[in-house]
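[1] coords below, sequence missing:
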């Protein structure tokens with residue numbers, strides 16, 4: 001092959017690889033899935049100001065009474081990830097991942113929200129709907145493997 005043919009093949013291969021990578025990127029939205037839309041709390045025993053995550057259709061509020069941040073509208077980004085996880089937070093940032101599942105908390109199977117701080121994390125924080133059920137410190141985090 002001559003030098004021009006090699007250059008053309010290299011350029012086309014690079015362009016094809018770029019198109020394949022960008023074609024599989026997840027589409028971002030600002031709409032929170034219905035299964036996640038609740039007021040989630042981490043009501044630990046002996047903690048008066050529990051952490052919370054309030055998810056609405058186009059808004060998010062997370063933190064505690066002492067300090068929390070609100071995100072809404074075009075500032076909110078929701079990206080569907082694999083295995084039921086959703087990345088939710090500020091547009092353009094590397095945000096936490098969330099997933100709704102069932103877990104045994106205080107001796108009863110309950111619907112919980114798992115929050116991973118990064119997609120590579122092996123641990124997730126556990127949040128419940130409402131503040132009524134108290135959980136132990138050991139139940140507030142789960143090892144994902």
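    Structure received. All values reported here derive from a predicted model rather than from experimental measurement.
[2] quick check: closest non-adjacent residue to residue 84.
    residue 99 (5.1 Å; C-beta to C-beta, 6 or more residues apart in numbering). C-beta: built from backbone N, CA, C; applies to glycine.
[3] okay, the one you found and residue 32: tell me how far apart.
    Applying C-beta to C-beta, to the nearest Å, the value for residue 99 to residue 32 is 13 Å.
[4] how about residue 55?
    5 Å.
[5] so what sits against both of the two?
    residue 88 (C-beta atoms under 8 Å, 6 or more residues apart in numbering).
[6] this protein: strands as residue ranges?
    28-29, 39-42, 51-56, 59-63, 68-72, 76-80, 86-90, 97-105, 108-116, 123-129, 141-143 (DSSP state E).
[7] with mean pLDDT, distance to residue 2 and mean neighbour count added, can I get the ones you listed in TSV?
    Converted to TSV, those look like this (pLDDT from 0 to 100; distance: least, C-beta to C-beta, whole Å; neighbours: other C-beta atoms under 10 Å):
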stretch	mean pLDDT	distance to residue 2	mean neighbour count
strand 28-29	82	44	14
strand 39-42	96	63	20
strand 51-56	96	59	19
strand 59-63	94	57	17
strand 68-72	93	56	14
strand 76-80	95	45	19
strand 86-90	94	47	20
strand 97-105	95	50	17
strand 108-116	95	52	17
strand 123-129	95	56	20
strand 141-143	94	58	12
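[8] fine by me, we can end here.
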